[in-house]
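Q: next comes the sequence, and after it the predicted model I'd like to discuss.
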Amino acid sequence: MTSTSAHATQTVRLCHLYPSLMNIYADRGNISVIARRLQWRGFGLAIDEVGLGDDLAPDAHDLYYLGGGQDRDQNLVAADLITKASVLRGAADNGAAQLYVCGGIQLAGHGYETVDGQYLEGTGVLDLDTVAGDTRLTGDLVIRADLDGDDVTIVGYENHAGRTYLGTAVDPLGRVVSGHGNNGTDRLEGARRDHVIGTYLHGPLLPRNPVVADLLLTWALEHRYGSTELRPLDDTLELSAHAVAIERAGQAR
Ligand code: GLN
């Protein structure tokens with residue numbers, strides 16, 4: 001376990017699933033954003049890196065994170081991840097925050113059929129199914145999302161063969177403004193239930209979308225300590241990176 005802000009009175013417990021295997025496109029950068037935004041506000045963070053064969057204790061964490069990966073790496077983690085499925089589903093039911101990116105959202109669904117025709121069973125935290133197509137869906141991705149009453153734009157980069165189709169027990173994270181999204185046809189992107197977010201947005205996601213970072217942190221702190229007000233931060237730099245991404249996606253259209 002690594003900890004930051006040892007003197008903080010309130011500490012978020014983060015479970016980082018398979019950090020060395022599921023870390024494509026610097027998805028680990030999402031952890032840096034979580035750590036800094038907590039530290040700037042005087043909160044602590046305790047990180048458990050949970051890998052192949054490690055135990056995942058029930059109700060030990062406020063925030064769970066699984067980044068993206070290549071099919072080869074997803075293949076390595078899938079069988080292990082389903083041994084942790086009931087803990088992850090229970091945590092989602094209890095209001096813990098969870099973020100799944102790309103390969104992560106695929107394994108948080110019911111299953112993923114790879115380009116090779118292999119079926120990787122998922123945890124079922126999110127009601128969705130994924131099947132690989134024979135082309136990759138790549139490029140800048142911009143979506144509009146309603147985040148608990150706030151109408152926001154979320155930006156990033158996508159690169160996936162998987163086509164994801166949502167079931168009835170999840171909502172999309174947002175609607176595609178520019179790019180492909182879940183499957184290139186229904187204009188939906190990502191998935192949401194309770195305090196769980198799944199998305200195809202790499203970049204990594206959180207540095208250019210501080211509103212998403214703060215939503216996850218609010219949920220995580222609420223899970224541990226009840227309701228929390230997060231002090232606003234100066235996001236000038238983050239928002240200018242966000243604006244550049246929107247402009248670039250517009251030019252690519
Ligand atoms: N391997 C998966 C796919 O191609 C996920 C890729 C990713 O995480 N970027 O769909």
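A: Cool, the structure landed. Everything numeric here is computed off the predicted structure, so don't read it as measured data.

Q: list the contacts of whichever residue of the chain sits closest to the ligand.
A: Per CB to the nearest ligand atom, residue 68 is where the chain lies closest to the ligand, at 2.6 Å. C-betas here are computed from N, CA, C, even on glycine. Applying CB atoms under 8 Å, 6 or more residues apart in numbering, we find residue 68 in contact with 22-25, 27, 101-104, 160, 202.

Q: model confidence score at it, please.
A: Here the pLDDT value assigned to residue 68 is 95.

Q: measure residue 114 to residue 162 for me?
A: Distance of residue 114 to residue 162, computed by CB to CB, to the nearest Å: 8 Å.

Q: next: residue 55.
A: Taken as CB to CB, the span from residue 55 to residue 162 is 29 Å.

Q: these two: who's more crowded?
A: Taking neighbours as other CB atoms under 10 Å, residue 55 and residue 162 compare with residue 162 leading, 25 against 9.

Q: which strand or helix spans the nearest residue to that one once chain neighbours are set aside?
A: Spatial nearest neighbour of residue 162, chain neighbours left out: residue 130 (4.3 Å); criterion: CB to CB, 6 or more residues apart in numbering. Taking DSSP states H and E as the definition, residue 130 sits inside strand 128-147.

Q: which strands border that strand, and is each parallel or antiparallel?
A: Strand 128-147 pairs in its sheet with strand 111-113 (parallel), strand 150-166 (antiparallel), strand 174-178 (antiparallel), by DSSP bridges.

Q: tell me which helix or strand comes right after the last one.
A: Heading C-terminal from strand 174-178, the first helix or strand you meet, by DSSP H and E, is strand 188-189.

Q: what's the very next helix or strand once past that following strand packed up against?
A: Sequence-wise, the next helix or strand downstream of strand 188-189 (DSSP H and E) is strand 191-193. The contact analysis (3 or more CB pairs under 8 Å, 6 or more residues apart in numbering; DSSP states H and E) places strand 191-193 against strand 196-199.

Q: which bits of this structure sit near the ligand?
A: Proximity of the chain to the ligand, by CB under 6 Å from any ligand atom, involves residues 24, 68-71, 74, 102-103, 159-162.

Q: try it again with 8 Å
A: Taking CB under 8 Å from any ligand atom as the criterion, the chain approaches the ligand at residues 22, 24-25, 27, 67-71, 73-74, 101-104, 106, 112, 114-115, 130, 132, 136, 158-162, 200, 202.

Q: now list the buried members of those residues.
A: Listed as buried from those are 22, 24-25, 27, 67-69, 71, 73-74, 101-104, 106, 112, 114, 130, 132, 158-162, 200, 202; burial here means 16 or more other CB atoms under 10 Å.

Q: and residue 28, how many neighbours?
A: A count of nearby residues for residue 28, using other CB under 10 Å, gives 16.

Q: distance of residue 105 relative to residue 192?
A: Computed as CB to CB, the residue 105 to residue 192 distance reads 11 Å.

Q: residue 97 pairs with what?
A: The partner list for residue 97 in beta bridges (DSSP bridges) reads residue 63.
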